[in-house]
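Asker: with the sequence up front, the predicted model follows.
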Amino acid sequence: MVEKRKKIEWLLILQAWAMLWVVIGHSPLRENNAFTATDMVSHTFANVLQTFAYSFHMPLFIMISGYLFYKTRIINQKWTWSKTIKEKLIHLGIPYLVFITLALVIKIFVPSDVDRQVELTPKGLVCSYLFPYDGPLREMWFIGVIFIYFCLFPVYKYLLKNKFTSIITLLVAISLFFIKFGDLTSFLAFNQAVPNFVFFYVGMLIAHYRLENSVANPVTIGCSAIITILSFVYPFPFGTKLFGSLLFWGLAIVVEKRITFNVFDSFRNYTYQIFLIGIFVQMLVKIIFNRFYFTNSYPVFYLLCVILGIYIPVLCAMIVEKTNIKFLKTFIGISIK
């Protein structure tokens, strides 16, 4: 998530593209026995789009996070480990607590309309915060994972000190994606942080070795596209996640160079707020759909899930920015200058 004062045009395009697919991935509605043929076709189409979204969208966001972390923290000498962790605890930790709490409240009061029910015990409530992937708001696993990566701040300079250590670390990171760790703890989604570390590290490598133009090279884009397609045809998740991310990374740079207008200008500055708030807007749309279903309504509610899931958070963020109330800005992840 990029701050306005740190704008990089192609990166804003890339973030917005990734966030669009996050929203699409969360948009399929619950199947109903009363579905018509139109509803079933729409539901099938929504599931296909969801499968496509989940093949790359979160690895791409993790890769972007690694790139930005290198650009804004690792090469900036004013950022110490303690200062970085303090800033991330505020920017990530407070929204993490606020929105998990909101999810708990919703799932307590409307349990029949939502997935992943809440265990109403002291242990269950505490685990909702400590183990996000298994909690009421699974999407918060991303926050836990990148916070773990940020905590390794002092290690990265050593890992990137020369090409040899960079390559060895990359090979280790790739191997971690394939190794199954059945006994890994899910504390702060650590079990998700291990296989996804390769994407964060690739983002840092792109920044460290200034590989942006190489990623946007037509040959690289073509090879990434071929590998991504083959990984779909012959299921290979690592291929779709890594090379799908590199494909869209390169395309974003190409688009920025060739398109004169601001792509995704209406929401690209608020991707973090869309991530935090959008799921609740979509939850409301789905509750209304489940409660008041009428025939052939799936396409309408699906589009509402996508459109409102993007633009209601943008509207909320703009209102909060106008009011300039600091605690509200902190709650929804808007940086306070």
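Answerer: Looks like it arrived, so ask away. Numbers count the residues shown, from 1 in each chain.
Asker: contacts, neighbours, all on C-alpha from now
Answerer: Noted.
Asker: isn't I206 up against G66?
Answerer: No - under the criterion of Cα atoms under 8 Å, I206 makes no contact with G66, lying 9.0 Å away.
Asker: quick one, which of the two is more surrounded?
Answerer: G66 (25 against 19; other Cα atoms under 10 Å).
Asker: the more buried one contacts F197, doesn't it?
Answerer: No - under the contact definition of Cα under 8 Å, G66 does not touch F197, with a separation of 9.3 Å.
Asker: what's the helix or strand for Y293?
Answerer: When secondary structure is defined by DSSP states H and E, Y293 falls outside every helix and strand.
Asker: which residues are in contact with it?
Answerer: For Y293, the set of contacting residues under the criterion of Cα atoms under 8 Å, 6 or more residues apart in numbering is empty.
Asker: per-residue confidence for it?
Answerer: Note on Y293: pLDDT of 90.
Asker: out of the helices and strands in the chain, which is least certain?
Answerer: In the chain, the helix or strand scored least confidently by mean pLDDT, DSSP states H and E is helix 122-130, which has a mean of 85.
Asker: now for that helix, which elements pack on it?
Answerer: Taking 3 or more Cα pairs under 8 Å, 6 or more residues apart in numbering; DSSP states H and E as the contact definition, the neighbouring helices and strands of helix 122-130 are helix 94-109.
Asker: and the angle for the helix it packs on with helix 122-130?
Answerer: Put simply, helix 94-109 runs at 140 degrees to helix 122-130, going by axes from the mean of the first three to the mean of the last three Cα atoms, to 10 degrees.
Asker: in helix 94-109, what's buried?
Answerer: By neighbour count, with 16 or more other Cα atoms under 10 Å as the criterion, the buried positions of helix 94-109 are I94, P95, Y96, F99, I100, T101, A103, L104, I106, K107, I108.
Asker: now for it, which elements pack on it?
Answerer: For helix 94-109, the elements it packs on are helix 122-130, helix 271-291, helix 326-331, judged by 3+ Cα pairs under 8 Å, 6+ apart.
Asker: between helix 271-291 and it, find me the angle.
Answerer: Computed with the same axes, to 10 degrees, the direction of helix 94-109 lies at 10 degrees from that of helix 271-291.
Asker: low-scoring stretches of the stretch 151-300 of the chain, by residue?
Answerer: Within the stretch 151-300 of the chain, the segments meeting pLDDT under 70 span 181-184.
Asker: what ranges does it have for its helices?
Answerer: For the stretch 151-300 of the chain, the helices defined by DSSP state H, counting those that start in this stretch occupy 153-159, 163-178, 190-208, 212-215, 218-233, 237-258, 271-291, 298-323.
Asker: contacts made by stretch 27-34 with the rest, please.
Answerer: 43, 46-47, 50, 282, 286, 289-290, 295, 298, 302, 305-306.
Asker: endpoint to endpoint, that stretch covers what distance?
Answerer: 19 Å (Cα to Cα, to the nearest Å).
Asker: go through that stretch and flag the buried ones.
Answerer: Neighbour-count burial for stretch 27-34 [16+ other Cα under 10 Å]: S27, P28, L29.
Asker: tell me the SS of the second one?
Answerer: Reducing the assignment to helix, strand or coil with DSSP: H, G, I helix; E, B strand; the rest coil, the entry for P28 is coil.
Asker: and it, how far from S42?
Answerer: For P28, the distance to S42 (Cα to Cα) stands at 9 Å.
Asker: check the last one too.
Answerer: L29 sits 10 Å away from S42 when distances are taken as Cα to Cα.
Asker: overlap of the contact sets of those two?
Answerer: When Cα under 8 Å, 6+ apart defines a contact, the residues bordering L29 and S42 alike are Y298.
Asker: name the helix or strand for the residue nearest to V255 when sequence neighbours are not counted, please.
Answerer: Closest residue to V255 in three dimensions, ignoring its sequence neighbours and counting by Cα to Cα, 6 or more residues apart in numbering: W10, at 7.5 Å. With elements taken from DSSP H and E, the one containing W10 is helix 9-25.
Asker: same for that helix, what does it pack against?
Answerer: Helices and strands touching helix 9-25, by 3+ Cα pairs under 8 Å, 6+ apart, are helix 37-54, helix 57-69, helix 237-258, helix 271-291, helix 298-323.
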